[in-house]
Every structure is written in structure tokens, then in C-alpha cells.
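In: fold the following.
(one chain, ligands or ions: 2)
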Amino acid sequence: MNQDEINAAAQTLLDGKLLGLPTETVYGLAADATNDAALHAIFALKGRPQNHPLIIHLHDEAKLDDWAINIPQAARALAKAFWPGPLTLILQRAPHVSAVVTGGQDTVGLRCPAHDVAQAVLKRFAAVGGSGAVAAPSANRFGKLSPTTAAHVREEFTKANPPLLVLDGGACEVGIESTIVDCSRLTETGQPVVLRPGAISAAQIATALGGGVYVDKPNTNATTPRVSGSLDSHYAPQTEMVLVPSDVFDEFVVEKLMQGAVVGTLRFSEGVSAALGGEPTTEKEIKVAKNAKTYAHDLYANLRKLDHAHCDLIAVETPPQSAEWLGVWDRLSRGAYRE
Ligand code: TXA
Ligand code: MG
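Out: Ligands and ions are numbered 1, 2, ... in the order given. Purely as a prediction, here's the structure:
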């Protein structure tokens, strides 16, 4: 990425326009966090309800006190341990923080992204007289799959007017959204709460705190092909998606095929057509490694591929139940949920 592109991006933010910004987690749809008109444009372009708060991205940890008040020691310890990196802290908002960015709440989400391009844009945006604070939700239409490449962002917003400037920072290293830790209201025992699991695990957080952290666990014990209805539909492909346990996977897919359905699969072993003695159809049968990091890295790109493969149904093999898979479980469960 050359400096001209970084300068143009900073100017775009100064002008109150939107920007497709790479981060190490997923691409963000970025705007000046102090410009309400620009913030409204984010909600409009995403089709996102106004009461869903946005995360503010900052260049470094030193900026924490500009945006939050009553910051507990736990939050400072987490910022020190994990910033810049894939961690968002929820804190009590400073009085000047726009109600548009917080969705009208008394708290604010803050994060310092680690991606070089995000870092360079934030730095430049401050240097040219901007606020240096960038609100950025994932750069996808509301409820859909998050983007992990510049091409994904362009594909989400082909009709944006004016056309969206998208910086190409390559494929996102992490692949799923940041871990969110609520430090605005601690539990009775003084613990922050993990609101969204991500690459930074609860164990890492607990270690950095020298104490515990409370995790609201997603449902990881699906034993039937249907996910329980307690989760909101989110991170979802267009095509219906079903989580299917390993031991009934072939049976499930073969039955669907016999009913005449076109089935796409995301699984840890060779595809169903191979099991049936046929040739694997690469665009419909994706084999993934049983490694939580690489799985997360490729998750949204794989689901997008399957979504484009003209299937009636996407069957996803349930991952292992161990802690490092929590972030993946969370995204899969929400993606598979249908009202
Ligand atoms: O990795 C990420 O966090 C990406 C990249 C672009 O930084 N951003 C992202 O933003 O995932 P978004 O808007 O797609 O998801 C933000 C989540 C939402 O579920 C929102 O409700 C929650 O963060 N959030 C933001 N501010 C909050 C607050 N004050 N209290 C509780 N939840 C908050
Ligand atoms: Mg999102």
C-alpha cells in the first residue's frame, strides 16, 4: 500500500465519506466517529438498525481516556496486553461521544486494530487534523457474512453512491471479528464479561487479568442437525445453513441429495460425492483443516464460496467442542439460525 492511498483514505474520512478499511479481523466500513452525518451513512449503507452500537477504532492505547471514563484497572491491563490486536473493550462513554456511535447507550466499544493499513490510516487521519477516531462495523450488509478481502467488500456494496473507496490490505489474518469484553459493569466478583468470543481466548484474558473472566457460552453441544432457536440470525449466508454432527453427516447429506436437493458441504474430510464413489465437486464440497486458527481465517470466504455455488442447503460439520473453537462455534450457530 503506498502513501498516496493512505492519504486519500484519510482525506475521505475528513470529508465525511465512508471507507472500506482492512483490519486484522475483518474489513470495516469506516467513518469519522465524530461526524454524525457520516455515521448515519454507515447505518444506511449497511441497513443496520440505529440502536446497534459501532466500535470506535483508535491508533493506540493512550487514546483510551479521550473516549471513556471510570476505566477499571482490568480494562487497562487488557489494553496493555492485547492492543493493538483483535480485542474490543466496552467502557463507560465519555460525555462527548456521539449517541449515534453508541446507539444511544451509556457505553462505548473501543479497539486498536493491529493491521498496518488500519494503523497508517488512523495515524494519518489524526495528523491531518481529523479526530483520529474511526467508527467501523464489519463491512457487510446487516446480518450477512463479514468480509475478509477487499473483493468481498466491493461485492457487498456494488450500488454504493458515491462508489466506496476500499483499501486492499489482503486477506484478514484472523478472519473472525474481535473478542468483545465488557468492562463497563463488572460481575459481583469484579470480573469483566466476554460478550463475543474471538481469537483472543477467555484463558488468555484471564491470564492477563491475573484473575477470572465471565464467559457467556454459546451452545456448543448440538447433537442433532438443527441448532437451538435461542440465538439471533447473524453472520449468515443467503443459502440456508445447517450444522450437522460428524457421525450423522453422510447420512444427512445423502438423504437430502435423494430428496433432490443441491447440497454444499463444509467438513473435515472428503466430500459426500467421494463417499458415494464420485468425483468431488470442488465448488460445492469444501474440505477444511481441523485447526481452529486456519478454520477461522477461511470461514467467511468458504461460506461465501458455498453461497455462490447455487446450493439449496449448506451443511457444515460441527467443529470440536474445545475452547479454541468457541469463536467459530459462535459464528456458525448464528449463521445457521433461522427465525
Ligand atoms: O473485529 C471487529 O470488531 C470488526 C472490525 C471491523 O473491527 N468490527 C465489528 O463491528 O465486528 P460490528 O459492528 O460488526 O460488531 C460490533 C459488535 C456489535 O455486536 C455491537 O452490538 C457490539 O459490538 N458493541 C459495540 N458497542 C457496544 C457497546 N457499547 N455495548 C455493547 N456492545 C457493543
Ligand atoms: Mg458485524
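In: any idea how far ligand 1 is from Gly85?
Out: As judged by Cβ to the nearest ligand atom, to the nearest Å, Gly85 and ligand 1 stand 10 Å apart. Placement of C-beta: from N, CA and C, glycine included.
In: list the contacts for the residue of the stretch 201-339 of the chain found nearest ligand 1?
Out: At 8.3 Å from ligand 1, His234 is the closest residue in the stretch 201-339 of the chain, using Cβ to the nearest ligand atom. By Cβ atoms under 8 Å, 6 or more residues apart in numbering, the contact list for His234 reads Gly143, Arg334, Gly335, Tyr337.
In: next, count neighbours for the first one.
Out: Taking other Cβ atoms under 10 Å as the criterion, the count of residues near Gly143 is 15.
In: just the CA trace of the longest helix that the chain contains, in PDB.
Out: Ranked by number of residues, the top helix in the chain under DSSP state H is helix 292-307. C-alpha atoms of helix 292-307 as PDB (Å, rounded to 0.1, in the frame of the first residue of the first chain):
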ATOM      1  CA  ALA A 292      -9.300 -23.500  14.800                       C
ATOM      2  CA  LYS A 293      -7.000 -20.700  13.500                       C
ATOM      3  CA  THR A 294      -7.000 -21.700   9.900                       C
ATOM      4  CA  TYR A 295     -10.700 -22.600  10.000                       C
ATOM      5  CA  ALA A 296     -11.500 -19.100  11.300                       C
ATOM      6  CA  HIS A 297      -9.200 -17.500   8.800                       C
ATOM      7  CA  ASP A 298     -11.000 -19.100   5.900                       C
ATOM      8  CA  LEU A 299     -14.500 -19.300   7.400                       C
ATOM      9  CA  TYR A 300     -16.300 -16.400   5.800                       C
ATOM     10  CA  ALA A 301     -14.500 -16.900   2.400                       C
ATOM     11  CA  ASN A 302     -15.600 -20.600   2.400                       C
ATOM     12  CA  LEU A 303     -19.200 -19.700   3.300                       C
ATOM     13  CA  ARG A 304     -19.200 -17.100   0.500                       C
ATOM     14  CA  LYS A 305     -17.900 -19.700  -2.000                       C
ATOM     15  CA  LEU A 306     -20.700 -22.100  -1.000                       C
ATOM     16  CA  ASP A 307     -23.200 -19.300  -1.100                       C
END
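In: picking that back up, now, the contacts of His234 that are in helices?
Out: Using DSSP H, the contacts of His234 in helices are Arg334, Gly335.
In: can you pick the most crowded of the contacts of His234?
Out: In the contacts of His234, the most neighbours by other Cβ under 10 Å go to Gly335, 25 neighbours.
In: pLDDT value on that residue, please?
Out: Looking at Gly335, its pLDDT is 89.
In: that one reaches Pro237, doesn't it?
Out: Yes. If you go by Cβ atoms under 8 Å, Gly335 and Pro237 touch, sitting 6.5 Å apart.
In: common neighbours of the two, please.
Out: Leu145, Leu303.
In: picking up where we left off before, elements contacting the longest helix of the chain?
Out: helix 150-156, strand 263-267, strand 285-287, strand 313-317, helix 326-336 (3 or more Cβ pairs under 8 Å, 6 or more residues apart in numbering; DSSP states H and E).
In: adding distance to Cys112, write these out as TSV.
Out: Output for the helices and strands packed on helix 292-307, formatted as TSV (distance: least, Cβ to Cβ, whole Å):
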stretch	distance to Cys112
helix 150-156	21
strand 263-267	32
strand 285-287	33
strand 313-317	32
helix 326-336	19
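In: give the contact list for the residue nearest to Arg331 when sequence neighbours are not counted.
Out: Nearest non-adjacent residue to Arg331, counting by Cβ to Cβ, 6 or more residues apart in numbering: Tyr235, 4.8 Å away. By Cβ under 8 Å, 6+ apart, the contact set of Tyr235 is Gly143, Lys144, Leu145, Ser146, Tyr300, Arg331, Arg334, Gly335.
In: where exactly do the strands run in the stretch 151-300 of the chain?
Out: 165-166, 179-182, 193-196, 214-215, 240-244, 263-267, 285-287 (DSSP state E, counting those that start in this stretch).
In: before we move on, back to that, so does the longest helix of the chain get close to ligand 1?
Out: No. Applying Cβ under 6 Å from any ligand atom, one finds helix 292-307 out of contact with ligand 1, separated by at least 11.6 Å.
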